[in-house]
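Trainee: fold the following.
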Amino acid sequence: MTNFTTILPVAALIAVLLFILKESIEWIRRHNADGRKKKALRLILARECERNHWSINSIRGVLETIKEKLTEEPPPTFRFIFPKSGKTLFRVVYPGDEMTEGSALAETYQDIFNKYLLDVATLDQTLYEDLQRACDAIAEVEHVRQSLIYYVNPEIEDDEELIDGFVEYGLSILDTSLPPI
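Mentor: Residues are numbered from 1 along each chain as shown. Okay, the predicted model is just below:
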């Protein structure tokens, strides 16, 4: 007859070793998955920063055009057009309603940043801090974009006179709000 006192400790030892092996394999799997997730998030967020960099350049271009054209005599007027396509188009209108210059005003992109903020916070503290700064910067850029649209097409007629001061303000904000790439 087999002695259960010798079998039981061996079985317990094997169970503990199997448990440790299983947990080790699971930790390696999670660690590798987290690494792949971090890499994917960095690529996604970098692309979003590139899109926002393009938006900043677009907004800066409109502000610089306004700054340059305000020095002309007589200064032209400016207008935003909102076609059915959903774009926002900037136009320089010279006396006599002759439109000769213009460009599109790009949108800013925050949805991806906000969507992955919690995931990034759990995976990488440094990337999370960079992402928070990028979110703050893009919020400022969006404020400049919305204010630009307002000051070019103000609801209150007296606000048209504020465009010159706003252009300087907007350019200074854009210079300090570049998202980290």
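
Trainee: now find how far off-centre the lengthiest helix in the chain is within its chain.
Mentor: Assignment by DSSP state H gives helix 4-69 as the longest helix of the chain. In terms of CA atoms, centre = their mean, to the nearest Å, the centre of helix 4-69 is found 19 Å from the chain centre.

Trainee: show me what the mean pLDDT comes to for that helix.
Mentor: The pLDDT scores in helix 4-69 average 85.

Trainee: look up how far residue 102 lies from residue 116.
Mentor: Shown here: residue 116 relative to residue 102, a distance of 35 Å by CB to CB, to the nearest Å. (Each C-beta comes from the backbone N, C-alpha and C, glycine too.)

Trainee: give me the more crowded residue out of those two.
Mentor: Neighbours per residue (other CB atoms under 10 Å) separate residue 116 from residue 102, with residue 116 holding more: 20 against 17.

Trainee: skip the chain neighbours and tell me the closest residue to that one.
Mentor: residue 41 (5.8 Å; CB to CB, 6 or more residues apart in numbering).

Trainee: ok, the one you found - contacts?
Mentor: 116, 119-120, 123-124, 127 (CB atoms under 8 Å, 6 or more residues apart in numbering).

Trainee: so how many other residues sit close to residue 46?
Mentor: 13.

Trainee: re the thing from before, after the longest helix of the chain comes which helix or strand?
Mentor: Under the assignment DSSP states H and E, the closest C-terminal helix or strand after helix 4-69 is strand 77-81.

Trainee: and the angle for that following strand with helix 4-69?
Mentor: Calculated by axes from the mean of the first three to the mean of the last three CA atoms, to 10 degrees, strand 77-81 forms an angle of 140 degrees with helix 4-69.

Trainee: list the pairing partners of strand 77-81 within its sheet, with orientation.
Mentor: strand 89-94 (antiparallel) (DSSP bridges).

Trainee: so what touches the partner strand?
Mentor: Contacts for strand 89-94 (CB under 8 Å, 6+ apart): 62, 65, 69, 76-83, 99-105, 152.

Trainee: in it, what's buried?
Mentor: Using 16 or more other CB atoms under 10 Å as the test for burial, strand 89-94 gives 90-92.

Trainee: quick one: secondary structure of residue 102?
Mentor: strand (DSSP: H, G, I helix; E, B strand; the rest coil).

Trainee: out of everything not next to it in sequence, what's closest to it?
Mentor: residue 91 (4.1 Å).

Trainee: who does the one you found form a beta bridge with?
Mentor: Here residue 91, judged by DSSP bridges, has bridge partners residue 79, residue 102.

Trainee: state the distance from residue 37 to residue 25.
Mentor: Taken as CB to CB, the span from residue 37 to residue 25 is 19 Å.

Trainee: try residue 143
Mentor: Distance from residue 143 to residue 25, by CB to CB: 50 Å.
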